[in-house]
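**Student:** here's a sequence, model it:
(2 chains)
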Amino acid sequence: MSAIQNKVGIETKPFTFTVERGKVREFASAIGDDNPIYQDVAFAKKQGYRDLPVPPTFATVIDMWGGASFEDLIAMLEVDPLKVLHGEQSYEYMSPIYAGDTITAQMKVVDQKEKGGLTLFTLETIYRNEKNENVLLARSVVIER
Amino acid sequence: MSALQPVKKKPITHSQLVKYAGASGDFNPIHTVVPVAKEAGLPDVIAHGMLVMGMAGQALTTWFKPEQLKAFQVRFKKMTLPGEALTVKGFIKEETDENVLIGEVVVVNEKDEKKLSGTFHVQM
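**Tutor:** This next block holds a predicted model:
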């Protein structure tokens, strides 16, 4: 029997990340997404956006660079980094995020269960804008095999 | 069910994984350092699941505008190794009374092995 402590309720400190245009371009480019709305500010503004919009999975940048890095996550969950898998990921988009926005996020462990010798952690992160409005909700299932 | 235009990606390279690690900030060495991947019992480094989801996200904002996307949920099915060329396929399942399209997205390799499957909601 594994003696894994229950992590439900543990949360990170709130962390803040300012979305830079260069980071939006770099992220889209790493995915191989050549959509000009993620690259060209003039083009994005012509499409009616106030700046470069962020790709749908950009929140991972806010987490990893903002304050919940892979290493932080491993320490928080006390898991073996070589045995960790990403099982599921979901996003609920409440309001679009653009380059120039400053986002504050906080990640919390909301569920933990054992299944077939695996440990499944569900993490929930809420992202807020400068006006303290919720703009995004993320949920991920992290598996330790 | 109506099918959307598939988005075909170039084969994933080790360099792309390094680039994605830097862009995303996910420096888990299992994605970039071959000896570490081997220590973990893998044949090679494996692509970040979030890179594969990012490719599915690319397809979603090719098919729709980013601000139309209301929900996007995926389950990772199988590891992806460098050299694999992925294709993102999407299908519209239904339209609700509130003009929300509910769709399915899958990412497959050349052998049609499923890497990711998911659902999305877009506001029309």
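**Student:** tell me where chain A has helices.
**Tutor:** Per DSSP state H, chain A carries helices over the ranges A:21-31, A:41-46, A:59-66, A:70-77.
**Student:** among these, which is the most enclosed?
**Tutor:** Most buried of the helices of chain A, by mean neighbour count (mean count of other CB atoms under 10 Å in any protein chain shown): helix A:59-66, with a mean of 24. (Glycine included, C-beta is placed from N, CA and C.)
**Student:** how far off centre is that one?
**Tutor:** How far helix A:59-66 lies from its chain's middle: 5 Å, per CA atoms, centre = their mean, to the nearest Å.
**Student:** I'd like to know which elements that helix is packed against.
**Tutor:** When contacts are defined as 3 or more CB pairs under 8 Å, 6 or more residues apart in numbering or on different chains; DSSP states H and E, helix A:59-66 packs onto strand A:15-18, helix A:21-31, strand A:102-115, strand A:118-128, strand A:134-144, helix B:14-24.
**Student:** closest one to B:Lys114 among these?
**Tutor:** Closest approach to B:Lys114 among the helices and strands packed on helix A:59-66 is made by strand A:134-144 (17.4 Å; CB to CB).
**Student:** any idea of the angle the closest one forms with helix A:59-66?
**Tutor:** Using axes from the mean of the first three to the mean of the last three CA atoms, to 10 degrees, the direction of strand A:134-144 lies 80 degrees away from that of helix A:59-66.
**Student:** in CSV, list the C-alpha atoms belonging to strand A:134-144.
**Tutor:** Taking C-alpha atoms only, strand A:134-144 is exported to CSV below (Å, rounded to 0.1, in the frame of the first residue of the first chain):
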residue,chain,number,x,y,z
ASN,A,134,-12.7,35.5,-13.6
VAL,A,135,-11.5,35.1,-17.1
LEU,A,136,-10.6,31.4,-17.2
LEU,A,137,-11.0,28.2,-15.3
ALA,A,138,-8.7,25.3,-15.8
ARG,A,139,-8.8,21.8,-14.5
SER,A,140,-6.2,19.2,-15.0
VAL,A,141,-5.8,15.6,-14.0
VAL,A,142,-2.2,14.6,-13.1
ILE,A,143,-1.5,10.9,-12.8
GLU,A,144,1.4,9.3,-10.9
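**Student:** quick one: closest of the helices of chain A to B:Arg75.
**Tutor:** helix A:59-66 (16.5 Å).
**Student:** now do that closest one and helix A:21-31, the angle between them.
**Tutor:** 120 degrees.
**Student:** nearest to chain A: which residue in chain B?
**Tutor:** Residue nearest to chain A within chain B: B:Gly25 (2.9 Å; CB to the nearest CB).
**Student:** could you dump the helices of chain A to a markdown table with mean pLDDT?
**Tutor:** Formatted as a markdown table, the helices of chain A follow (pLDDT from 0 to 100):
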| stretch | mean pLDDT |
| --- | --- |
| helix A:21-31 | 98 |
| helix A:41-46 | 98 |
| helix A:59-66 | 96 |
| helix A:70-77 | 88 |
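**Student:** between strand A:118-128 and the helix or strand bottoming out on mean pLDDT in chain A, find me the angle.
**Tutor:** When the helices and strands of chain A are scored by mean pLDDT, DSSP states H and E, helix A:70-77 comes last with a mean of 88. Relative orientation of helix A:70-77 and strand A:118-128, computed by the same axes, to 10 degrees: 120 degrees.
**Student:** near chain B, anything from helix A:70-77?
**Tutor:** Yes - Helix A:70-77 reaches chain B (CB under 8 Å from any CB of the partner chain) through A:70-71.
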